[in-house]
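Asker: Structure of the sequence below:
(2 chains)
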2 protein chains.
Amino acid sequence: MSGVDFDASDLKVIAFDVFGTVVDWHSGIAAEAESALPGVDGAAFALAWRAGYQPAMKAVMERIAAGEGGFTLLDELHLSMLEQVLHDFSLADRLDAAAKRDLSRAWHRLPAWPDSVAGLTRLKKKFTICTLSNGNIGLLTEMAKRAGLPWDCVLSAEVFKAYKPDPRTYLGVAGVFDATPGQVMLAAAHHDDLAAARTCGLKTAYIERPHEFGRARPKDVSPQPDNNLHARDINELADLLGC
Amino acid sequence: MSGVDFDASDLKVIAFDVFGTVVDWHSGIAAEAESALPGVDGAAFALAWRAGYQPAMKAVMERIAAGEGGFTLLDELHLSMLEQVLHDFSLADRLDAAAKRDLSRAWHRLPAWPDSVAGLTRLKKKFTICTLSNGNIGLLTEMAKRAGLPWDCVLSAEVFKAYKPDPRTYLGVAGVFDATPGQVMLAAAHHDDLAAARTCGLKTAYIERPHEFGRARPKDVSPQPDNNLHARDINELADLLGC
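Answerer: From the prediction side, this is the model:
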């Protein structure tokens, strides 16, 4: 949709945000919640669970900054967030510990958006493609295996022992591939993630995901001029980059 | 060749040593050395370069243990080892800095053994397959991309900030995949690597690579009884594991 003036000749690596950008967490979590908890409003449950993410991540980062805690895997945060959502939905007694653990791993089993596998496969021919997610390596690997996501490499907050938007994550991708920040592009459906990457010198591509929060709650996907590229989906990103 | 009594039903992850086990460093380095340095004895050059590895790694680990240094990427060690080999071969003035750097990256471009891609592709259908190498992530990723190695995930000393045979590397693989050590198998062409993994509770598979040091110097590939499996190559490992 935009980016006709962007020169990709120096670009080596495209790092992808994952939740919402490559996979459809809302549909995936809603379906698993309805299966594990018959009668529940899966869409509302998914939104409530995801809404716990920012506060949980903020709390972990504050504990780390205060020297009171270490890096925590997202799997563990998903489980504690699930406990809270079950409590809020008055469903705490519906699942035993094993069932809670299994449902917390629904984030490993999210479906790709329909264009993701085809778009990534095209981009992989010309660039190194990797994840850059706050999800842990095991989560991202199992997700890729199930959904067929053809990553060259799974990078994660777990590798850098820092969470996005910490600069160590964005600059860490460049370091891993012995590239300059400007040779790395972050592709994401979230402007705040892209803005943080841009501050570190990365190139940025916005991917429209109007139904990230469900078809009932369309998201504003208007372009922001600071991004180098703006694409409807990952196939269009491949078009824009000449793949 | 052996392992008929091994029960793989609980196995989740197979981690592979890479240099010598999955790729043929001797042929690859010999060919690149002969190309970059016409007239050089490529086989001897490759052996000398690789011979620098254990001392260089030992020196880094001693510096880390003494609190005098941090984790160092294998790319950097390969470059400094190359400087030494060029000096020893009286070739120090034959390459400028850019050519030295390029030749040092020959370790990114090593060819797979003929069975590696097919064997890994079979194993990947049933298990999670990953690297566990002292090579850095960027090196292993570029190698996989060029050689078509279908890893689910690239794990490295760089992820664990410790080098094999440090237990943090072997136990780190189990931690990443939320598995017990006994649910992880290390596959390697080196008995010392396998012995260290076994001490941590991992399962082990020895892969014969009689020509790791070149056809002129066949290696003893006799079975050792402590390994759970012993396979001629990665295709036979897939046979033994019912893939």
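
Asker: could you dump stretch A:169-187 to PDB, C-alpha only?
Answerer: Below are the C-alpha coordinates for stretch A:169-187, written out as PDB (Å, rounded to 0.1, in the frame of the first residue of the first chain):
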ATOM      1  CA  THR A 169      16.000  -6.900  22.000                       C
ATOM      2  CA  TYR A 170      16.000  -4.900  18.800                       C
ATOM      3  CA  LEU A 171      19.700  -4.300  18.800                       C
ATOM      4  CA  GLY A 172      20.200  -7.900  19.800                       C
ATOM      5  CA  VAL A 173      18.800  -9.100  16.500                       C
ATOM      6  CA  ALA A 174      21.300  -6.900  14.600                       C
ATOM      7  CA  GLY A 175      24.100  -8.300  16.900                       C
ATOM      8  CA  VAL A 176      23.100 -11.900  16.300                       C
ATOM      9  CA  PHE A 177      23.400 -11.500  12.500                       C
ATOM     10  CA  ASP A 178      26.400  -9.200  12.600                       C
ATOM     11  CA  ALA A 179      24.300  -6.500  10.900                       C
ATOM     12  CA  THR A 180      23.800  -2.800  11.400                       C
ATOM     13  CA  PRO A 181      20.500  -1.800  12.900                       C
ATOM     14  CA  GLY A 182      19.500  -0.300   9.500                       C
ATOM     15  CA  GLN A 183      20.000  -3.700   7.900                       C
ATOM     16  CA  VAL A 184      17.200  -5.100  10.100                       C
ATOM     17  CA  MET A 185      13.500  -4.500   9.700                       C
ATOM     18  CA  LEU A 186      10.800  -5.200  12.400                       C
ATOM     19  CA  ALA A 187       7.400  -6.200  11.000                       C
END
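
Asker: mean confidence score for it?
Answerer: Mean per-residue pLDDT for stretch A:169-187: 98.

Asker: near chain B, anything from that stretch?
Answerer: Yes: using CB under 8 Å from any CB of the partner chain, stretch A:169-187 comes into contact with chain B via A:176, A:177, A:178. Every residue, glycine included, has its C-beta placed from N, CA and C.

Asker: count of neighbours near the last one?
Answerer: A count of neighbours around residue A:178, defined by other CB atoms under 10 Å in any protein chain shown, yields 17.

Asker: Could you verify my assumption that it touches residue B:141?
Answerer: No: counting by CB atoms under 8 Å, residue B:141 is not a contact partner of residue A:178; they are 10.9 Å apart.

Asker: Show me the contact partners of stretch A:136-147.
Answerer: Contact with stretch A:136-147 is made by A:18, A:23, A:73-75, A:105, A:107-112, A:116-117, A:131, A:133, A:135, A:149-151, A:154, A:156-159, B:128, B:130, B:152-153, B:155, B:159, B:176-178, as judged by CB atoms under 8 Å, 6 or more residues apart in numbering or on different chains.

Asker: Give me every residue in chain A lying close to chain B.
Answerer: Listed as neighbours of chain B in chain A under the rule CB under 8 Å from any CB: A:75, A:124, A:128, A:130, A:136-138, A:141-142, A:144-145, A:152-155, A:158-159, A:176-178.

Asker: Buried only: go through those residues for me.
Answerer: Among these, those classed as buried by 16 or more other CB atoms under 10 Å in any protein chain shown are A:75, A:124, A:128, A:130, A:136-138, A:141-142, A:144-145, A:152-155, A:158-159, A:176-178.

Asker: can you tell me which of the residues you listed are in strands?
Answerer: A:128, A:130, A:153, A:154, A:155 (DSSP state E).

Asker: So for the closest residue to the last one other than its chain neighbours, what's the pLDDT?
Answerer: Read that as residue A:155. Spatial nearest neighbour of residue A:155, chain neighbours left out: residue A:130 (4.8 Å); criterion: CB to CB, 6 or more residues apart in numbering or on different chains. Note for residue A:130: predicted pLDDT of 98.

Asker: correct me, but residue A:130 touches residue A:16?
Answerer: Yes: in this structure, residue A:130 is within contact of residue A:16 by CB under 8 Å, at 7.3 Å.

Asker: pLDDT weak spots in chain A?
Answerer: Residues of chain A meeting the criterion pLDDT under 70: A:1-4.

Asker: who does the lengthiest helix in it touch, helix- and strand-wise?
Answerer: The single longest helix within chain A, with elements called by DSSP state H, is helix A:74-88. Judged by 3 or more CB pairs under 8 Å, 6 or more residues apart in numbering or on different chains; DSSP states H and E, helix A:74-88 is in contact with helix A:42-51, helix A:53-65, helix A:97-104, helix A:137-147.

Asker: Give me the distance between residue A:213 and chain B.
Answerer: Separation of residue A:213 from chain B (CB to the nearest CB, to the nearest Å): 29 Å.

Asker: Next up, the contacts around that residue.
Answerer: By CB under 8 Å, 6+ apart, the contact set of residue A:213 is A:26, A:47, A:219.
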